[in-house]
Each structure stands twice: as C-alpha cells, then as structure tokens.
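*Asks:* coordinates for the following, if possible.
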Amino acid sequence: MKILLTGKNGQVGFELQRALAPLGEVVAVDMEDCDLGNPEAIRALVRSVKPQIIVNPAAYTAVDKAEADQATAYAVNATAPGIFGEEAAKLQALVVHYSTDYVFDGTKPEPYTEDDEPNPQSVYGKSKRLGEEALQASGADHLIFRTSWVFGAHGGNFAKTMLKLAGERESLNVVADQWGAPTSAPLIADVTAQILAQYKKRQEREGFPFGIYNLVAAGETNWCEYAKAVIASANAAGKVLKLGPDDIHPITTAEYPVPASRPANSRLNTSKLKSRFGINLPDWQEGLEHVLRRIL
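*Replies:* Next up is the predicted model:
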C-alpha cells in the first residue's frame, strides 16, 4: 500500500510518518515539495505518486494571521482538500483529512457531536469548514477527523509557549473561559493508523464507515488550568522556571483581545469514533505527560 502524506514537518504530520510506516510505503511531502495553494501542483503530485491513501494534515493554522491573509488560508484549507478528493476519486483512493473545533461557534452548552450544525466565526474556521464540504463533494471515499488544541514535541504549540514564557516571566495571565481537550499529535497519529489498519483489512470498501469523526483526548480543561498543568509537570521533572502554577492567573476572553474569534466551548463528543472503530481515547493529561517528557 502506498500512502501520500502531506505536512510532514507539522505537528501531526511528523508523528504520522512514524505511525503510518507499518502500513506501507509512505511518500511524505511538505510545502517545499508541493505548494498546497496551487491546485495544479496538487494534481501533479497525486498523479505522480498514485497512492491508495492520501493523508492530509497540512493546513494553514495561523488563526489570527488568517484574518488578514484570507486568500492563502482559503486556498490551503478550503480548496486543496477538494482537489485531493477529485484526484483520489479517479484513483479510487481514500482521503484522510483533519479539521477543527473552530467549525463551531462554541455557544452550545454540551460537547459538540458530528451532527451539530457548523457555524464558524473566524476565517480559519470558515476555511476549514469549506474544506470539509469540498472533500465531501469530491466523490472520494474520505475520513475527516475533527480535533482540537493540538500539541506535540515537534513544532510550535501552547504547551511550548507556556514553558518559554515561564522561563522569562514571574507571572502569567491566561484565558480561563474557553474549554476543550488538549490533544496530542501522537494520539491523533496513532488513532489514524489504527483506523487505516482496519480499512486495509477490509476486502470490500462498501460498508466501511467513512465520514466525519471527532478525534480528541478524553477529559476537558480550560487554557489557564492547562497552562498550570504544563508548569506543574515541568517543575516535577526538575525544570527550573521563574514561575510556578500559582503564578498563573485566570482572565476572561474579553481581557485578551485577538483578531480571530475563538469558540468558548471546543469540547467534542467522541462516542461515534469510539463505537465505530473500537478505539480508546486516553485522558488529555496522559498525552501531555508523554509529550512533555520528550520536550524536557
């Protein structure tokens, strides 16, 4: 089996190179190899590789920058998934794509299910929702995994930012009224590989449960408590920092204005994924401990 993997140097793409390797030949590319803002470059890449599976974690993820750089965000997040789908349909290949909690407005009191109506509030969220729709309309078999608050040992993320700031400052103010589940890149990669292994074993694709699935770690927290957990783990590991968990103070979203709107509720219900594929999703704190050991 040949697998085409995009975004090989991103947080999730980096972990997918490891997780997908046992399934077959992985052809991994990054923006330097193929500009995902260029539809013809995407078509040429797929036609050259002729994969049985396309795994596309690559995305324009600079949420605030996207508000001003809309053309690039829409090209990479909205148009590219549809192009992958069109080319995959010609090859009868599967497309695995990753989306986000930002497709929702965050006003629902309960965790979002896959059947809830999207209502993105930012350019990033809108572009990711259009990408979902483009892939769905392409005619290709597809799996779309919606995830949230991604972090890993490779690449930039909130946990690494907190560690950096904790080494420089004696106190921090962190938003405490946005809720979600920090989800590790290794978990996303491993779940993807588990599901693709099930796909590979199936002789008939008819009946395989394609579609959209929420894929996040178990549990929930807010950004402030998440930051405290990062610092507490670093302290326990002997990392010398200028501040401790008690020096991190909660603030509201209104007190920390940014260009792009964030969902207050980023919690995603994962019952569908767990029941369809028999997958266990560990608590977010387990993933954090694992990744922080690698970072530290």
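*Asks:* please make it C-alpha for all contacts and neighbour counts, starting now.
*Replies:* OK.
*Asks:* and the contacts of the longest helix seen in the chain?
*Replies:* Determined from DSSP state H, the single longest helix within the chain is helix 185-201. With contacts defined as C-alpha atoms under 8 Å, 6 or more residues apart in numbering, helix 185-201 is touched by 11-13, 15-16, 19-20, 23, 150-152, 205, 208, 215-217, 277, 279, 287.
*Asks:* among those, name the buried ones.
*Replies:* 11-13, 15-16, 19-20, 150-152, 215-217, 287 (16 or more other C-alpha atoms under 10 Å).
*Asks:* in strands, which of these appear?
*Replies:* Using DSSP state E, the members of those that fall in strands are V150, F151.
*Asks:* so for the chain, the centremost residue is which one?
*Replies:* T147 (4.8 Å; C-alpha atoms, centre = their mean).
*Asks:* thought that residue was touching V216?
*Replies:* Yes: between T147 and V216 a contact is recorded at 5.3 Å, counting by C-alpha atoms under 8 Å.
*Asks:* next, count neighbours for I54.
*Replies:* I54 has 25 neighbouring residues, counting by other C-alpha atoms under 10 Å.
*Asks:* do the same with E117
*Replies:* 11.
*Asks:* for it, give me its contacts.
*Replies:* F104.
*Asks:* any idea which element it lies in?
*Replies:* Using DSSP states H and E, E117 falls within no helix or strand.
*Asks:* how close does it get to E132?
*Replies:* 13 Å (C-alpha to C-alpha, to the nearest Å).
*Asks:* likewise A260?
*Replies:* Taken as C-alpha to C-alpha, the span from A260 to E132 is 20 Å.
*Asks:* ok, I248 next?
*Replies:* Counting by C-alpha to C-alpha - I248 and E132 are separated by 37 Å.
*Asks:* go on, R43?
*Replies:* Distance from R43 to E132, by C-alpha to C-alpha: 18 Å.
*Asks:* the helices in this structure, which residues?
*Replies:* Going by DSSP H, the chain shows helices at 11-20, 39-49, 70-74, 80-91, 123-137, 158-166, 185-201, 223-236, 271-277, 284-295.
*Asks:* and the residue nearest to the centre of the chain, what does it touch?
*Replies:* Y98, S99, T100, D101, T183, N214, L215, V216, L268.
*Asks:* tell me the buried residues within the residues you listed.
*Replies:* In those, the ones that pass as buried (16+ other C-alpha under 10 Å) are Y98, S99, T100, D101, T183, N214, L215, V216, L268.
*Asks:* for those, which one is nearest A227?
*Replies:* T183 (13.9 Å; C-alpha to C-alpha).
*Asks:* what's the separation between the closest one and E32?
*Replies:* From T183 to E32 the distance is 27 Å (C-alpha to C-alpha).
*Asks:* low-confidence bits of this protein, can you list those?
*Replies:* Under the criterion pLDDT under 70, the flagged ranges of the chain are 203-205.
*Asks:* grab the nearest non-local neighbour of R276.
*Replies:* Nearest non-adjacent residue to R276, counting by C-alpha to C-alpha, 6 or more residues apart in numbering: P209, 7.3 Å away.
*Asks:* same thing with S233?
*Replies:* E289 (7.1 Å).
*Asks:* likewise for T72?
*Replies:* G37 (6.6 Å).
*Asks:* report how many residues lie close to the closest residue in space to V258 that isn't next to it in sequence.
*Replies:* Leaving aside its sequence neighbours, V258 sits nearest to D64 (C-alpha to C-alpha, 6+ apart; 7.0 Å). Using other C-alpha under 10 Å, D64 has 16 neighbouring residues.
*Asks:* does D64 touch P259 like I think?
*Replies:* Yes: with contacts counted by C-alpha under 8 Å, D64 reaches P259, the gap being 5.4 Å.
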